[in-house]
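Asks: From the sequence below, what's the structure:
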Amino acid sequence: MTRLAALLFALSLPAFAQSPQAAQPISQRFAADPSPHYFKTKDGGMFYLYATDDASNSGKYWDSTTWRLYTSRDMKTWQDAGIPLAVTVFKWARPDAKAWAPEAAYRNGKYYFYAPVGGDRIGVAVSDRPDGGFVDARKDALVDRARDVNAGDEPIDPAVFIDKDGQAYMYFGTRVPKVVKLKRDMISLDGPIRIVGIEGLPASDSKKKYGEAPFMHEHNGVYYFTFSSGWPGQILYATGKSPMGPFTYGGVVLDYLNISTNHQAIVEHGGKSWLFYHDNLLPGGSGWRRAIAIAPLEYGPDGAIRQVNVVPAPAAQP
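Replies: Modelled structure (predicted):
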């Protein structure tokens, strides 16, 4: 995009949107479905970004069997930390089961890794370290489509949120968003799986609906539920007074990109907010071979999220 085109684009944006941000991949290795966290360790605080490892799939489907980890101290330079764990950690799963969008959490002096395996179950592994050493925490799935009432057709895309009162929640699911409380041990469900209520979705726009990639964060006392609208998808958000909802539609966080899927996460640290997402940003990329990028996230005076606008990186341009 030329400087003039970028200026004209910026002038065309609504007042509640950000100025365009240049999209740059954090790594030259294909990866997607970011799960970023800031963990304090013995070596000091560091950002840990867990991801679906697109570089190891067939290039024809999301069929990798390992996850990937990236680390950074400044959110600018990221190091490839290799494989934190593979599907084979879970002996109840097929060794060739698909390893999709991961999640992680810290509690009780342990690191927990939430792993959608095969598209029908979510496992949980535990380690003393955030970068590896994970073992199966249960010996069976945390959520199992064949076992659990209201698990949905495709229990994938887990996202864990721990509220200020200490209650942990896990969101997941395609087409119908689900939420369930977790017990203090972080490896047991605490009550029934419920449907997340989203109110006020524009009836005039059938594309503005829940598709996948649920994520929860809290900002200034407001709970923000973000999600992808489908395939391809916008990243949308809704707000509520409780992590359980219901949530009221708020608007678009990230518009359609040149990719068949999208999957977001939001990190707030040091007084700043950051949106993680994936796009087709690397040479040879595709809907199966994606790349992770980061953009600043801003709020308006009323708490509304300002739409993030990204300019494709040169590598993704024809």
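Asks: Under the pLDDT cut-off, which ranges of the stretch 151-300 of the chain? List them.
Replies: Within the stretch 151-300 of the chain, no stretch has pLDDT under 70.
Asks: which stretches of it form helices?
Replies: Using DSSP state H, counting those that start in this stretch, the stretch 151-300 of the chain contains no helices.
Asks: try the stretch 1-150 of the chain
Replies: Ranges of helices within the stretch 1-150 of the chain are 3-12, based on DSSP H, counting those that start in this stretch.
Asks: Tell me the confidence at the closest residue to residue 295 other than its chain neighbours?
Replies: Spatial nearest neighbour of residue 295, chain neighbours left out: residue 21 (4.5 Å); criterion: C-beta to C-beta, 6 or more residues apart in numbering. Backbone N, C-alpha and C define where each C-beta goes, glycine included. What the model reports as pLDDT for residue 21 is 76.
Asks: Then the one 5 residues further on?
Replies: The pLDDT attached to residue 26 in the predicted structure is 97.
Asks: you'd agree it is up against residue 290?
Replies: No. Residue 26 is beyond contact range of residue 290, at 11.9 Å (criterion: C-beta atoms under 8 Å).
Asks: Looking at those two, which one has more neighbours?
Replies: Legend: neighbour count by other C-beta atoms under 10 Å for residue 26 and residue 290, higher for residue 290 (29 against 24).
Asks: what sits against that one?
Replies: Going by C-beta atoms under 8 Å, 6 or more residues apart in numbering, residue 290 touches 30-32, 54, 259, 261, 278-281.
Asks: how close does it sit to residue 257?
Replies: 10 Å (C-beta to C-beta, to the nearest Å).
Asks: which residues do those two both contact?
Replies: 279-280.
Asks: any idea how far residue 62 is from the nearest residue to residue 94 once chain neighbours are set aside?
Replies: Excluding its sequence neighbours, the residue lying closest to residue 94 (C-beta to C-beta, 6+ apart) is residue 118, at 6.5 Å. Here the criterion is C-beta to C-beta. By it, residue 118 lies 12 Å from residue 62.
Asks: Quickly list what's touching both of these two.
Replies: Taking C-beta under 8 Å, 6+ apart as the contact rule, residue 118 and residue 62 both touch residue 98.
Asks: I'd guessed residue 229 sits against residue 206; true?
Replies: No. Residue 229 is beyond contact range of residue 206, at 9.9 Å (criterion: C-beta under 8 Å).
Asks: Between these two, which is the more surrounded one?
Replies: Ranked by neighbour count (other C-beta under 10 Å), residue 229 and residue 206 place residue 229 first, with 22 against 9.
Asks: quick one: contacts for that one?
Replies: 207-211, 235-236.
Asks: To what extent is the residue lying closest to it once chain neighbours are set aside buried, counted in neighbours?
Replies: In space, and not counting its chain neighbours, residue 229 is closest to residue 211: 5.0 Å by C-beta to C-beta, 6+ apart. Using other C-beta under 10 Å, residue 211 is surrounded by 21 other residues.
Asks: Surely residue 211 and residue 174 touch.
Replies: Yes. Proximity of residue 211 to residue 174 meets the contact threshold set by C-beta under 8 Å, at 6.7 Å.
Asks: about what we covered before: quick one: the residue nearest to residue 295 from residue 292, how far?
Replies: Using C-beta to C-beta, one obtains 14 Å as the distance from residue 21 to residue 292.
Asks: which of these two has more neighbours?
Replies: Legend: neighbour count by other C-beta under 10 Å for residue 21 and residue 292, higher for residue 292 (28 against 15).
Asks: ok, how many other residues are close to the residue nearest to residue 161 when sequence neighbours are not counted?
Replies: Counting by C-beta to C-beta, 6+ apart, residue 216 is the residue found nearest to residue 161 once chain neighbours are left out, at 4.0 Å. With neighbours defined by other C-beta under 10 Å, the count for residue 216 comes to 24.
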